[in-house]
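Novice: Model the structure of this input:
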Amino acid sequence: MNTTLILVIIICLLDCLLLYNIKCSNDTRSNKILYSLVILLMPVIGISIYYVIREYKTKNMEGTNIINKVFDVVLILIAVWIIISMLLNQLSIDTILGRTAVVCALVYNLSIFSKHKKLKISFLLVAVIFILIATIVKIHLV
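Specialist: Below you'll find the predicted structure:
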């Protein structure tokens, strides 16, 4: 099975988990609709946006929610799987850059970095830069 297909399936499953989390939250109906639209219209970026919103809301809560821990484990497993697939497969430079950007975005979303704003911003900037470079490389290769 193609590794890209597996990654797409995992991202879709994570989106479904987030949609379920939104459905069960105590937010207003309009906020639930807004969050759901963000995740549905922008599956990969929507996950990051939702994490930022969730982090802001749970900032004053004691302890880490079990959902946060589950998301962290899933994100770490996805990142490790991407890194292993990059090492085992012969990939083009644009694919390597794109997958590295996804790993940086996954690390950005880990709740363990929630208190380290500069580190989180640097991971996000690296992810955006790698995506842009991968896109430019792909356009010039075609």
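Novice: Next one: Leu106 relative to Ile133, how far apart?
Specialist: Leu106 sits 18 Å away from Ile133, going by CB to CB, to the nearest Å. Every C-beta, even on glycine, is put in place using the N, C-alpha and C of the backbone.
Novice: ok, the two, which is more surrounded?
Specialist: The neighbour comparison of Leu106 against Ile133 (other CB atoms under 10 Å) goes to Leu106, with 24 against 16.
Novice: The more buried one contacts Leu75, doesn't it?
Specialist: Yes - shown here, Leu106 and Leu75 form a contact pair, counting by CB atoms under 8 Å, at 4.6 Å.
Novice: For these two, list the residues in contact with both.
Specialist: With contacts taken as CB atoms under 8 Å, 6 or more residues apart in numbering, Leu106 and Leu75 have no neighbour in common.
Novice: Start and end of stretch 84-102, how far apart?
Specialist: One end of stretch 84-102 to the other measures 14 Å (CA to CA, to the nearest Å).
Novice: Tell me how far it lies from the chain's centre.
Specialist: 16 Å (CA atoms, centre = their mean, to the nearest Å).
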